[in-house]
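1. return a 3D structure for these sequence lines:
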Amino acid sequence: MLETSILEDQVRECFGRVVYTHKTHEKMAEECSESLRRYKIWQIAISALTASGALSVAITNQSWLKIGTALSSFLAVWISGYMKGVDPGGTAQKHRDAASALWPIRESYLSLLTDVRRMSISDEDATKIRDDLQKRLATILKSAPQTNAKAYIKAQMALKCKEEYTFSASEIDKFVPASLRKGSECRTPQS
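-> Sure, this is the predicted structure:
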């Protein structure tokens, strides 16, 4: 029993790290998508400014419009070049892919914890499963993009304060058939 408790403690720790890593990649994907959205808005605004400036120069031929149009054109080229090199959309997708790859690892750790707690699995088998999960996790993390402290803090807030991925019994009862509900008002009478 003591060995199982030590093993359970370690698996709980691994599970917690995977939960945070998964959520941090989700938050990084959101951050990169928001960055892409802002850059696209700037591209559209600068392009519209450049086009209207070029049209105005053709009609009025004022030198300040020529300078302004040239500057906005230069800014549009710079933003396009920056976007090509940074690619926040591609980075967002890589973080989404990492989070998707981490999800089954996360759920497997949870299942392993359940089996260990129920003592329905030997310590040897649990250790083998844990070792396999750690190898699979290492493979995923080796190719995953880096996260940052800002995304980690957002993940921490989402998990601790907003309780993302936690459900009350009544919330779960709304998702499952009546025969699997726990709330007394939701149970169906037995025939």
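2. can you tell me the SS state at Thr166?
-> coil (DSSP: H, G, I helix; E, B strand; the rest coil).
3. read off the pLDDT value for it.
-> Per-residue confidence (pLDDT) for Thr166: 75.
4. what's the distance between it and Pro177?
-> 22 Å (C-beta to C-beta, to the nearest Å). Where you see a C-beta, it was placed from the backbone N, CA and C, and this is true even at glycine.
5. what residue ranges in this protein score low on pLDDT?
-> Residue ranges of the chain with pLDDT under 70: 1-4, 183-191.
6. go ahead and flag the most central residue of this protein.
-> Glu26 (0.6 Å; C-alpha atoms, centre = their mean).
7. name the nearest residue to that residue, ignoring sequence neighbours.
-> Ala99 (4.8 Å; C-beta to C-beta, 6 or more residues apart in numbering).
8. helices or strands up against the longest helix anywhere in the chain?
-> Longest helix in the chain, counting residues (DSSP state H): helix 2-60. If you count contacts as 3 or more C-beta pairs under 8 Å, 6 or more residues apart in numbering; DSSP states H and E, helix 2-60 packs onto helix 63-86, helix 88-118, helix 123-143, helix 149-156.
9. by how many degrees do it and helix 88-118 diverge?
-> Orientation of helix 2-60 against helix 88-118 (axes from the mean of the first three to the mean of the last three C-alpha atoms, to 10 degrees) gives an angle of 160 degrees.
10. how far off centre is helix 2-60?
-> Chain-centre distance of helix 2-60: 8 Å, with C-alpha atoms, centre = their mean, to the nearest Å.
11. got it, and stretch 109-119?
-> On C-alpha atoms, centre = their mean, the centre of stretch 109-119 falls 25 Å from the chain's centre.
12. report how many residues lie close to Phe15.
-> Look at Phe15: counted by other C-beta atoms under 10 Å, it has 19 neighbours.
13. coming back round to it: residues near the residue nearest to Glu26, how many?
-> Residues near Ala99, counting by other C-beta under 10 Å: 21.
14. give the contact list for it.
-> His22, Lys23, His25, Glu26, Ala29 (C-beta atoms under 8 Å, 6 or more residues apart in numbering).
15. what's the burial count for Val116?
-> 24.
16. give me the distance between it and Leu75.
-> According to C-beta to C-beta, Val116 stands 58 Å off from Leu75.
17. repeat for Lys162
-> Counting by C-beta to C-beta, the gap from Lys162 to Leu75 is 38 Å.
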